[in-house]
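Trainee: 3D, please:
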Amino acid sequence: MSDLEIAVMTKQRVPVKYLRAEVGARYWEDAAVNGVEDSDGKLIPLRNGDNWCPVIDLATGKIENWPAGTTADLHYKSCDENAFELLDAEKSVVVRREGYVINMMCPEPDGFGDYVIMHVGADGVIANWKVDLRPFETDEDED
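Mentor: Numbering: from 1, shown residues only. Next up, the predicted model:
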């Protein structure tokens, strides 16, 4: 009998319900909330320090705890200062990725991995929301 062991990673399919984002916005003034330029980032809901931190229902594109009647047009430059987590129905973290802006956070064209560009309606739903889980299904360390 051998005392040698290795750790073996296995992949499994896991249901996910939410996306939690931590977007490091460089220029808060590149957003408008209720049609007003958010010059210092004090108008945008769900700001936490230097980050914009929405939790989004994947199926609907609705942002949780979005104040009813509030609209926002976002065009945040963020570079690589971001974290994105897929959560299960109980809001436990299934997988986390850090770095570039993932496509889901830029449903409008020309984000190039550096921008969050989106319109949030008065109902808290992101316009043109599309789910793309590919960034979470690849191992960034694989060759």
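Trainee: residues contacting the residue nearest the centre of the chain?
Mentor: Among the residues of the chain, the one closest to the centroid is A21, at 3.4 Å (CA atoms, centre = their mean). Residues near A21 by CB atoms under 8 Å, 6 or more residues apart in numbering: 52-56, 82-85, 105. Heads up, the C-betas are built off the backbone N, CA and C, glycines and all.
Trainee: please identify the helix or strand for it.
Mentor: In this assignment (DSSP states H and E), A21 forms part of strand 18-24.
Trainee: partner strands of that strand and their direction?
Mentor: Note on strand 18-24: by DSSP bridges, its sheet partners are strand 51-52 (antiparallel), strand 55-57 (antiparallel), strand 82-87 (antiparallel).
Trainee: so how far is the last one from its chain's centroid?
Mentor: What it means is strand 82-87. Centroid displacement of strand 82-87 relative to its chain, using CA atoms, centre = their mean, to the nearest Å, is 6 Å.
Trainee: which parts of that strand are buried?
Mentor: Residues 82, 84-87 are the ones in strand 82-87 that count as buried (16 or more other CB atoms under 10 Å).
Trainee: just give me the closest of those residues to P67.
Mentor: Set against P67, the nearest of these by CB to CB is L87 (21.5 Å).
Trainee: so what's the closest one up against?
Mentor: L87 is in contact with 16-20, 55, 93-94, counting by CB under 8 Å, 6+ apart.
Trainee: and if you look at D114?
Mentor: The contact partners of D114, taken as CB under 8 Å, 6+ apart, are 77-79, 100-101.
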